[in-house]
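*Asks:* Model the following, please.
(one chain, ligands or ions: 1)
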Amino acid sequence: MTPPPPAGNRGDTVTELLGQIADTGRDAARGGYSRPVLSGSERDLLAWFVEQAQRRGLDVDVDRNGIAWAWWNPSGADLRGSVVTGSHLDSVPGGGAFDGPLGVASALVAVDHLRARGITPSRALGVAVFPEEEGSRFGVACLGSRLLTGELAPKRALALTDPDGTTLAEAWGRAGMDPAHLGRDDEALARIGTFVELHVEQGRGLIDLDAPVAVASSVLGHGRWRLSFTGEGNHAGATLMADRRDPVVAAAAAVLAARQSALAHADARATVGRIVPVPGGTNVIASRVDAWLDVRHPDDAVTAAVVAEISERAAEAARAEGCELVVTQESFSATAHFDGVLRDRLTRVLSGAPVLATGAGHDAAVLAGHVPSAMLFVRNPTGVSHSPAEAVEDDDAEQGAAALATALEHLLT
Ligand SMILES: [Zn+2]
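*Replies:* This next block holds a predicted model:
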C-alpha cells in the first residue's frame, strides 16, 4: 500500500515543478536545452522525477528497458490493466523547456489534484517516463516504447551508436543497467490498461481554435532515412573542379530534391535537418557526407513514394558527381489513429475540448498499436517546437494538468 502524502502537502503547480529543473541541461551554444538520453542532465532529471514521485508517496521502479514508473495505488490493486500517464524528459539538441517535461510535471500535479478531490481509485495510476523519445542520441525516436512493445529488436537497439561512436549497449552499461535485458516486456506492457500522454502542442492548432487544451486524433506517419554519399577526399586548392568527386555537392542536390518532392505531394513534409561531412574541414573536399532525411504524410504509401523519389534524385546527383549513395531506413512509424472510443470519452469529460491531429511522433502513438491510448495537447502560444522558442502560458499549463486529472479520474472511477 502506498503511504498517504505528507500532511499539508498542497501540491505544486506545473510551473513550480518545471521551475525546479529550469537550469538542468541548458545549452549555452544552441540556446534552450540539450538533454540527450543517459547524459548527466537527463539522469539529473530522472533523479528529480524519482524524488518528486517519492515525495508524493508513489512507488518507483525502473524496468529493464529503462522506463521509470511511479505508482499511486491506494487500494493495493493488481498493477495489470492500470491507467498510465507520462511522457519523456530527454530533448532534441537546443530544444524547448516543455516538450516532454510538461507531460511529466502535469502527471505529478494530476496525482495531487486527484488526491485533493478525494478520489480513491480502485485501480492503480502509473506515471511513466520513457527514455530516448526524441531519438536525438541514438537516432531511433520512441526507443523506450518501441523496445517495450517489441517494435524494435534488442539486437538492433544495442548496435545503435551515438555521434561519438558510443554504442547503446555501452551507454546502457555505463548507466548501471544491464543491456542483456532489453526487449519486449509483456509483463510491463500488461500493466498499461489505458495510456494518456499530455504534451505541449507542436503547432498552431490551439492558437487558431483559441482553446487551452485539445484531445489528439492521430499522429502523422513518419520516418528517418540516412543518405550516405561517398566521394573522394582531397585538397580544396590543389584539386581542379573537373577532377572532383564531391559528396557535399550530391547531398546539396538531395536537400533540394526533398523540398521539391514534398511540395509536389499535398500534406507531405520532408526535412534534412542534419548533415555531417567527413572529415569536415573548410579547405577539404569531403570524402563522405551523411544526411538524415525526415519524411511525413498521413498516407504511408505517399511517404514511401516521396522517399523513393528523393532517393532516386539523390542517386542521380551522386552518379553525376562520381559518388556512391547508400540509403538506409533508420526508423518508420505508420500513421497512428488514437482509440476513437477513448478519444470521444475524453472529449466529453473535458466539456467538448477540440480534437486535433499532430505531425509530431510520440510514445503514445507507439503504444496506440498495443493498448487504448490517448493524448492531450496544451496550447503553445508561439506554435514553435524543437526550439528554445517553444512556450506554454502558466495558466494553460495548470488548465492542462487539471484536464489530465479529470481525464484520469474518469478512467479510474
Ligand atoms: Zn515530446
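*Asks:* Contact distance from the ion - what residues of the chain qualify?
*Replies:* Proximity of the chain to the ion is confined to 99, 100 under the rule C-beta under 5 Å from the ion. C-betas here are computed from N, CA, C, even on glycine.
*Asks:* what packs against the helix ranked longest in the chain?
*Replies:* The helix spanning the most residues in the chain, taking DSSP state H as the definition, is helix 300-320. In this structure, helix 300-320 packs against strand 221-230, helix 247-264, strand 288-297, strand 324-333, with contacts taken as 3 or more C-beta pairs under 8 Å, 6 or more residues apart in numbering; DSSP states H and E.
*Asks:* Would you pull up how far it lies from the middle of the chain?
*Replies:* Taking the mean C-alpha point of helix 300-320 and that of its whole chain, the gap between them comes to 26 Å (C-alpha atoms, centre = their mean, to the nearest Å).
*Asks:* now stretch 353-360
*Replies:* The offset between the C-alpha centroid of stretch 353-360 and the centroid of the whole chain comes to 16 Å, using C-alpha atoms, centre = their mean.
*Asks:* Look at that stretch and report the distance between its end residues.
*Replies:* For stretch 353-360, the separation between the terminal residues is 20 Å (C-alpha to C-alpha, to the nearest Å).
*Asks:* Tell me the spacing between residue 184 and residue 145.
*Replies:* Residue 184 sits 11 Å away from residue 145, going by C-beta to C-beta, to the nearest Å.
*Asks:* More neighbours: which of the two?
*Replies:* When residue 184 is set against residue 145 and neighbours are counted by other C-beta atoms under 10 Å, the residue ahead is residue 145, at 29 against 16.
*Asks:* And for the helix or strand containing the more buried one, what's in contact with it?
*Replies:* Element membership for residue 145 (DSSP states H and E) is helix 143-149. By C-beta atoms under 8 Å, 6 or more residues apart in numbering, the list of residues contacting helix 143-149 from outside reads 37, 63, 65-67, 88, 130-133, 135, 140, 151-152, 154, 157, 182-185, 188-189, 363, 366-367, 369-370.
*Asks:* I'd like the next helix or strand past it.
*Replies:* Helices and strands here follow DSSP H and E; after helix 143-149, the next one along the chain is helix 154-159.
*Asks:* Excluding residues flanking it in the chain, which one is nearest residue 27?
*Replies:* For residue 27, ignoring the flanking residues on the chain, the nearest one in space by C-beta to C-beta, 6 or more residues apart in numbering is residue 34 at 4.0 Å.
*Asks:* and if you look at residue 94?
*Replies:* Nearest non-adjacent residue to residue 94, counting by C-beta to C-beta, 6+ apart: residue 30, 3.0 Å away.
*Asks:* That neighbour against residue 96, yeah?
*Replies:* No - with contact defined as C-beta atoms under 8 Å, residue 30 does not count as touching residue 96 (11.4 Å).
*Asks:* Who has more neighbours out of the two?
*Replies:* Between residue 30 and residue 96, counting by other C-beta under 10 Å, residue 96 is the more crowded of the two (26 against 14).
*Asks:* residue contacts, the closest residue to that one other than its chain neighbours?
*Replies:* If you skip the residues right next to it in sequence, residue 96 has residue 390 as its closest partner in space, 2.7 Å away by C-beta to C-beta, 6+ apart. The contact partners of residue 390, by C-beta under 8 Å, 6+ apart, come to 32, 95, 96, 97, 98, 99, 200, 202, 380, 382, 384.
*Asks:* And these, which of them are buried?
*Replies:* 32, 95, 96, 97, 98, 99, 200, 202, 380 (16 or more other C-beta atoms under 10 Å).
*Asks:* if I look at the fourth one, how far off is residue 19?
*Replies:* Okay, so that is residue 97. Taking C-beta to C-beta, one finds residue 97 at 10 Å from residue 19.
*Asks:* What number of residues are in the vicinity of the nearest residue to residue 249 once chain neighbours are set aside?
*Replies:* Distances taken as C-beta to C-beta, 6+ apart put residue 321 closest to residue 249, at 5.2 Å, once the chain neighbours are dropped. Counted with other C-beta under 10 Å, the neighbours of residue 321 add up to 22.
*Asks:* Please name the residues that touch whatever residue of the stretch 301-413 of the chain ends up closest to the ion.
*Replies:* Using C-beta to the ion, residue 362 is the residue of the stretch 301-413 of the chain that sits closest to the ion, at 6.1 Å. Contacts were defined as C-beta under 8 Å, 6+ apart; by that measure residue 362 touches 133, 142, 197, 199, 219, 375.
*Asks:* What are the boundaries of the helices in this structure?
*Replies:* The residue ranges that make up the helices of the chain, judged by DSSP H, are 14-20, 40-55, 101-116, 143-149, 154-159, 168-174, 186-190, 205-209, 247-264, 300-320, 340-349, 363-367, 394-412.
*Asks:* Those helices into a markdown table, with extra columns for mean pLDDT?
*Replies:* What follows is the helices of the chain, written out as a markdown table (pLDDT from 0 to 100):
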| stretch | mean pLDDT |
| --- | --- |
| helix 14-20 | 97 |
| helix 40-55 | 97 |
| helix 101-116 | 98 |
| helix 143-149 | 97 |
| helix 154-159 | 96 |
| helix 168-174 | 96 |
| helix 186-190 | 98 |
| helix 205-209 | 96 |
| helix 247-264 | 98 |
| helix 300-320 | 97 |
| helix 340-349 | 97 |
| helix 363-367 | 96 |
| helix 394-412 | 98 |
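*Asks:* For the ones you listed, give me TSV that also has distance to residue 276.
*Replies:* Output for the helices of the chain, formatted as TSV (distance: least, C-beta to C-beta, whole Å):
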stretch	distance to residue 276
helix 14-20	33
helix 40-55	23
helix 101-116	28
helix 143-149	21
helix 154-159	19
helix 168-174	19
helix 186-190	35
helix 205-209	33
helix 247-264	10
helix 300-320	16
helix 340-349	40
helix 363-367	27
helix 394-412	36
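*Asks:* Quick one: closest of those helices to residue 237.
*Replies:* Proximity to residue 237 (C-beta to C-beta) singles out helix 247-264 among those, at 16.2 Å.
*Asks:* what is the orientation angle of the closest one with strand 221-230?
*Replies:* For helix 247-264 against strand 221-230, the angle between stretch directions is 160 degrees (axes from the mean of the first three to the mean of the last three C-alpha atoms, to 10 degrees).
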